[in-house]
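J.: need coordinates for the below:
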Amino acid sequence: MTRPRRWLRLRAWVRRWRWQLTGLTGLALVRALWQPSAAVCYTMTTATCLGVAVLVVASAGVAGSLCRALWLAARTRGAVAALRPVAAPGQLLRVAMRLGIREVRCVAGVQRAAFCTGIIRPRIYLTVAMAAAPPDELAAVLAHEAAHAHRWDPLRRALIRAVADVFCWVPLLLWWAGRSIERCELRADRVAIARVGAGPVARALLAASVSGAAGPAPAFDGAGPARVAQLFGEEPPRSRPSLAVCVVSVLGLVVLVSLVLCLGQAVLLGLS
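T.: Modelled structure (predicted):
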């Protein structure tokens, strides 16, 4: 067997068993850190030490998530500011008025794209190419994005992404973030289906998938299995995290709490 083939097999094996290997590594770290941490924990009970460590981890996670969300919001705002605004076509204004949408902004773009962005005041943005879509598809897109704006989904998505980024070492939160964003899209699709029907929504999704729609905060960006199932009136497939993801997530939290516990006790020893 040649060396490249042996390397490819090893990489495939590591990729297949990555969560199990991570879990074993986490167990080894916990065992290595727990005994020194417990040995120096002389000023407080073990339960109190653990409680303080958990509180420190949670507080740092919340603060980091808020900072990350603010950074994401600022980056999105900069990306939107870089877009070139154009006058909204008459068809776009008429469809928006018919749906009761008061504010829609049109930007230059040769691809059919639409998105809702804005933390404090969500706004709907469409490219010129999307504004020139057939009226029924345009109505589906606007109804979908209006649902995002009504539910403050840009803020919700920014917070979800921030938490997932800060806690990227917890696979369960990454899974939760993906599922939460998917549920936001499913809710917006249900609103659009109720207002304009499943046919226009399906055609708009297909057109968005073909054109590769994208934006600073893309929302109407193609159809996944759950969205397709909902369009056909079926129950979207349920997704559950695997046992390996749950185990590795718990181990990751234990390792981090143990590290904080160890560092905290080392600081106490240095001050005493």
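
J.: tell me the helix or strand right after the helix-or-strand element of the chain with minimal mean pLDDT.
T.: The weakest-scoring helix or strand in the chain, judged by mean pLDDT, DSSP states H and E, is helix 18-40 (a mean of 56). Sequence-wise, the next helix or strand downstream of helix 18-40 (DSSP states H and E) is helix 46-81.

J.: would you map the helices across this structure?
T.: 3-16, 18-40, 46-81, 90-99, 128-131, 135-150, 153-166, 171-196, 198-211, 225-231, 243-271 (DSSP state H).

J.: out of the ones you listed, which gets the lowest mean score?
T.: Looking at the helices of the chain, the lowest mean pLDDT belongs to helix 18-40 (a mean of 56).

J.: now do the same contact list for Arg195.
T.: With contact set as CB atoms under 8 Å, 6 or more residues apart in numbering, Arg195 has these partners: 99, 139, 143. Where you see a C-beta, it was placed from the backbone N, CA and C, and this is true even at glycine.

J.: one more pass at 6 Å, please.
T.: Ala143 (CB atoms under 6 Å, 6 or more residues apart in numbering).

J.: any idea how far it lies from Leu99?
T.: Remark: distance between Arg195 and Leu99 (CB to CB, to the nearest Å) = 7 Å.

J.: now do the shared contacts for those two.
T.: Ala143.

J.: ok, and the closest non-adjacent residue to Pro171?
T.: Distances taken as CB to CB, 6 or more residues apart in numbering place Val245 nearest to Pro171, at 4.4 Å, with adjacent residues excluded.

J.: distance of that neighbour from Val170?
T.: 9 Å.

J.: looking at those two, which one has more neighbours?
T.: Using other CB atoms under 10 Å as the criterion, Val245 and Val170 rank with Val170 on top: 21 against 17.

J.: need the phi and psi values for the more buried one.
T.: phi -110, psi 100 (degrees, to the nearest 10).

J.: I figured it hits Ser249, correct?
T.: Yes. With contact defined as CB atoms under 6 Å, Val170 and Ser249 form a contacting pair (4.7 Å).

J.: ok, the nearest residue to Leu253 once chain neighbours are set aside to Val80 distance?
T.: Spatially, and ignoring its direct neighbours in sequence, Leu253 is nearest to Val170 (6.6 Å; CB to CB, 6+ apart). Applying CB to CB, the value for Val170 to Val80 is 31 Å.

J.: do His144 as well
T.: 19 Å.

J.: more neighbours, those two?
T.: Comparing His144 with Val80 by other CB under 10 Å, the one with more neighbours is His144, at 28 against 19.

J.: re earlier: adding distance to Cys116, write the helices of the chain out as CSV.
T.: Below are the helices of the chain laid out as CSV (distance: least, CB to CB, whole Å):
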stretch, distance to Cys116
helix 3-16, 36
helix 18-40, 35
helix 46-81, 11
helix 90-99, 13
helix 128-131, 13
helix 135-150, 4
helix 153-166, 6
helix 171-196, 9
helix 198-211, 14
helix 225-231, 16
helix 243-271, 30
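
J.: Phe115 is nearest to which of those?
T.: Of all the helices of the chain, helix 135-150 sits nearest to Phe115, with 7.1 Å by CB to CB.
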